[in-house]
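# Got a sequence here, can you build the structure:
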Amino acid sequence: MVTDKIIIRGARENNLKDLSLEIPKYRITVFTGVSGSGKSSLVLDTIAAKSRRELNDTFPSFVQQYLPKYGRPHVDRIDGLPIAIVIDQKKPAQNSRSTVGTYTDIYSLVRLLFSRVGKPFVGYSDTFSFNNPQGCCPRCSGLGEIRELDIHKLVDFDKSLNDEDTIHYIAFGKGGWRWIRYAHSGLFDLDKKIKDYSPEELDLFLNSPQIKLKNPPANWPKTAKYEGLIPRMYRSIINSEEGLLHASVLNPMLTMGTCPDCGGTRLGPKALSCRIEGKNIAEVCSMSIENLLKWVEALEDPLAVDLKKAIGERLSALVEIGLGYLSLDRPVGTLSGGEAQRCKIAKYINSSLADVLYILDEPSVGLHNHDIELMKRSVRRLRDAGNTVILVEHHKEMIGIADHIVDMGPGPGALGGEIMYQGSFEGLLSSGTSTGSMIGEKTSFKPSPRRASESFRIGEASLHNLKNVTVDIPLGIFGVVAGVAGSGKSSLMECFRSKYPQQDDIVYISQKNIGVSLRSTPGTYMDVAGDIRKMFAKKHKMKEEYFTFNGKGACPVCGGKGVIVSEMAFMDSIETTCEACGGLRFSQEALQYTITSPATGETLNIAEAFDLSVRLASKFFAGTPVEAKLRPMMDVGLGYLHLNQALSTLSGGELQRLKMASYLGEKGKIFIIDEPTDGLHVKDVRHILGLFDRMVDGGNTVWLIEHNIDVIKAADYVIELGPGAGEYGGRVVFAGTPQELSLCPDSLTARYL
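I've put the predicted structure just below:
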């Protein structure tokens with residue numbers, strides 16, 4: 001069916017209420033609504049999942065095992081669906097060999113430039129690759145850092161090869177496949193302690209290069225070569241991806257530092273000897289992208305004409321989206337989620353593909369209003385190249401660029417999953433929905449900001465890009481550290497945390513994972529699961545283990561997982577809901593016991609009790625310890641989560657608020673919270689601002705790293721860093737009240753207040 005619309009019929013994923021809608025192609029459509037209203041369920045779990053599944057189905061089944069897996073969405077049909085590319089906040093996989101240059105494919109063009117134009121000519125493009133044996137530094141194998149092995153931490157010299165755990169690494173234990181290469185070589189007495197080896201034996205055991213054995217025993221593989229322990233560790237483990245995979249085991253045995261041979265550039269002397277305009281390739285890649293663009297544009301060699309254009313286009317896309325402060329040699333693992341997302345967008349802006357559906361998951365997260373102006377321009381470029389763009393978004397400025405808006409609600413969780421409005425931005429403002437009403441409201445400055453009774457001075461801070469910053473951090477107030485992305489906000493707060501004398505008083509709440517496992521739920525995290533099991537056990541005079549799906553209460557068919565996983569060799573595994581328990585995880589015996597709420601008179605079994613939302617559980621268990629333990633979750637606006645919901649399904653913002661909930665009620669603490677409004681609707685932001693004020697009134701200090709204008713206006717004190725990002729930032733532009741900030745001529749934030 002050829003159509004200029006994406007037509008969705010009967011979407012029922014998660015909390016969606018059998019939705020049908022049409023999304024215009026070749027336009028920007030923004031999905032809005034309170035947190036948990038069903039935006040991601042419709043956009044990511046339905047539209048994106050359907051497109052990616054059908055694309056994956058076009059590959060041979062052997063290839064499919066290596067592709068990302070997507071669940072089958074609960075939807076009747078989708079027509080006119082383009083191939084979807086999801087640009088989310090997830091960082092690329094950790095890889096010590098991946099830099100901004102390699103990730104964006106710009107480094108390959110720079111290598112080509114040096115092979116054509118550089119003097120003296122030292123070789124072709126691969127000679128300049130630190131991921132190629134021809135170009136990498138021989139000492140660090142292109143990693144830029146040396147990892148020196150402490151042999152005494154790896155080998156117990158008081159033991160023999162026949163003892164257990166003589167070599168402390170995977171598969172080197174007695175009988176392991178790596179151990180066999182020493183035990184079966186015929187070179188060593190297996191019962192002789194390592195410390196008793198002769199100097200020749202010890203050198204052979206530890207340092208021998210790869211050699212072919214002259215008269216090996218019968219059980220030695222015919223084509224195998226013998227290699228000493230130290231060169232083998234470096235070749236196949238320390239300088240390979242396995243070292244990253246098992247870093248927790250390996251790193252305690254290593255001393256790490258910048259490689260002295262290449263100075264951290266990752267490249268060999270031949271590559272570094274080649275120069276253009278006096279600069280070698282490492283010096284060029286260490287320049288900021290903004291300065292690199294100027295350098296490339298100034299090149300006059302006729303051999304560089306085509307490459308100048310190709311490199312310039314890609315660098316310009318990064319500058320336009322606000323990443324001009326990065327350098328090509330910056331490791332990808334050090335980027336924030338927002339920076340990684342913008343790198344992906346810049347990569348696609350120059351793509352030759354058209355008729356693609358780009359799905360952006362909250363691209364405004366972590367961005368100052370100044371950076372959002374740049375983001376808006378880039379999103380429009382994606383659309384103008386003949387593509388369809390869908391955003392899941394809360395920020396007013398990003399919502400404003402929409403050609404079409406779908407507002408979801410009315411509430412979170414079970415209270416959401418409906419379409420409240422579809423149409424233009426102007427129509428949203430007059431629609432009467434909570435999104436439309438709150439976006440149209442103007443907020444005012446806090447009428448009487450608190451005055452700090454004391455402060456803590458940070459002196460001459462120079463961490464990362466900070467330029468010897470000296471600043472007073474007021475205590476006992478609600479403060480915000482503001483500034484563009486990359487201006488040094490997190491670095492300043494990191495200095496505060498490390499230099500503050502009473503370390504136990506500081507509670508740092510980031511957006512990082514709070515240690516979730518597949519079986520972690522809000523019920524276990526807030527410690528109410530045990531209380532609920534006790535109630536069932538006490539009423540029916542049974543042991544608690546009969547009311548847990550990790551114990552004797554588990555469904556015997558699925559083992560308490562709720563699903564049956566059928567392995568299909570190298571094809572995608574098939575996951576089906578367990579028919580015996582209906583996905584409830586509990587045995588029929590456990591499900592026959594019930595308790596009745598004295599507050600509501602409702603009767604529930606153990607599975608139904610755990611399936612309650614936090615809000616309904618608070619009513620059902622009113623007057624019990626369960627209600628008291630769940631109250632903080634209500635306070636941070638997470639009443640819509642279910643007690644049995646896997647924490648792995650929560651967003652970074654939801655996990656952060658869950659962590660905050662566990663600290664409510666504390667006094668005398670200094671809370672440092674990293675961008676708590678990420679992923680929050682305007683309504684949720686107002687709610688959480690009230691919470692911060694209550695925390696300060698309760699005797700705490702709250703400092704936020706934040707961009708949200710409503711939050712800055714509600715603060716008692718603001719420190720703005722800048723004026724720019726990276727090398728252009730790291731200075732204190734302003735410190736004072738929000739109202740005073742609005743009059744500061746040097747502030748980028750002031751114009752948006």
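
# pLDDT on the strand or helix carrying A607, on average?
A607 is part of helix 606-610, with elements assigned from DSSP states H and E. The average pLDDT within helix 606-610 is 93.

# what does stretch 500-512 give?
88.

# for the stretch 401-550 of the chain, what spans make up the strands?
Along the stretch 401-550 of the chain, counting by DSSP state E, counting those that start in this stretch, strands occupy 404-409, 418-423, 454-461, 469-475, 478-482, 506-509.

# Quick one: closest of those strands to I28.
Ranking the strands of the stretch 401-550 of the chain by their distance to I28 (criterion: CB to CB) puts strand 404-409 first, at 7.4 Å. Every residue, glycine included, has its C-beta placed from N, CA and C.

# Measure how far the helix holding A607 is from the centre of its chain, please.
32 Å (CA atoms, centre = their mean, to the nearest Å).

# again, but for stretch 661-677
21 Å.

# buried ones in that stretch?
661-662, 664, 669-677 (16 or more other CB atoms under 10 Å).

# Which of those residues sits closest to L641?
For the buried residues of stretch 661-677, the nearest to L641 is A661 (10.4 Å; CB to CB).

# wait, what's in contact with that closest one?
Neighbouring residues of A661 by CB atoms under 8 Å, 6 or more residues apart in numbering: 526, 632-633, 635-636, 638.

# and those residues, which two are the farthest apart?
Maximum pairwise distance in these, criterion CB to CB, is 12.0 Å, between M526 and D635.

# picking that back up, using JSON lines, lay out the contacts of A661 together with distance to Q65.
Converted to JSON lines, the contacts of A661 look like this (distance: CB to CB, whole Å):
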{"residue": "M526", "distance to Q65": "38"}
{"residue": "P632", "distance to Q65": "43"}
{"residue": "M633", "distance to Q65": "39"}
{"residue": "D635", "distance to Q65": "45"}
{"residue": "V636", "distance to Q65": "41"}
{"residue": "L638", "distance to Q65": "37"}
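
# Which of the residues you listed fall within helices?
Here DSSP state H is the test, and those give 632-633, 635 as lying in helices.

# tell me the least confident of those residues?
Minimum pLDDT across those falls on D635, with 89.

# I'd say that one and L691 touch.
Yes - with contact defined as CB atoms under 8 Å, D635 counts as touching L691 (5.9 Å).

# Closest to T470 out of the contacts of A661?
Closest to T470, out of all of the contacts of A661 and judged by CB to CB, is V636, at 34.7 Å.

# how far away is that closest one from I673?
Remark: distance between V636 and I673 (CB to CB, to the nearest Å) = 11 Å.

# Quickly list what's touching both of those two.
M660.

# Of the buried residues of stretch 661-677, which is the nearest to V626?
Nearest member of the buried residues of stretch 661-677 to V626, counting by CB to CB, is A661, at 14.3 Å.

# Now the closest one. Its backbone dihedrals?
Phi and psi for A661, reported as degrees, to the nearest 10, are phi -60, psi -40.

# What about the nearest residue to V332 once chain neighbours are set aside, how many residues nearby?
Nearest residue to V332, sequence neighbours excluded (CB to CB, 6 or more residues apart in numbering): S98, at 4.3 Å. When neighbours are defined as other CB atoms under 10 Å, S98 has 15 of them.

# circling back: what mean pLDDT does the helix or strand following the helix holding A607 have?
Where DSSP H and E defines the elements, the next helix or strand beyond helix 606-610 is helix 614-620. Across helix 614-620, pLDDT averages out at 95.

# Mind listing what's buried along helix 614-620?
614-618, 620.

# again, but for stretch 169-183
169, 172, 174, 178-183.

# Between the contacts of A661, which sits nearest Y421?
L638 (25.2 Å).

# Give me the nearest residue to the closest one, chain neighbours excluded.
R657 (5.7 Å).

# for the helix or strand containing that neighbour, the distance to its chain's centre please.
Using DSSP H and E, the element containing R657 is helix 652-661. With CA atoms, centre = their mean as the basis, helix 652-661 stands 15 Å off its chain's centre.
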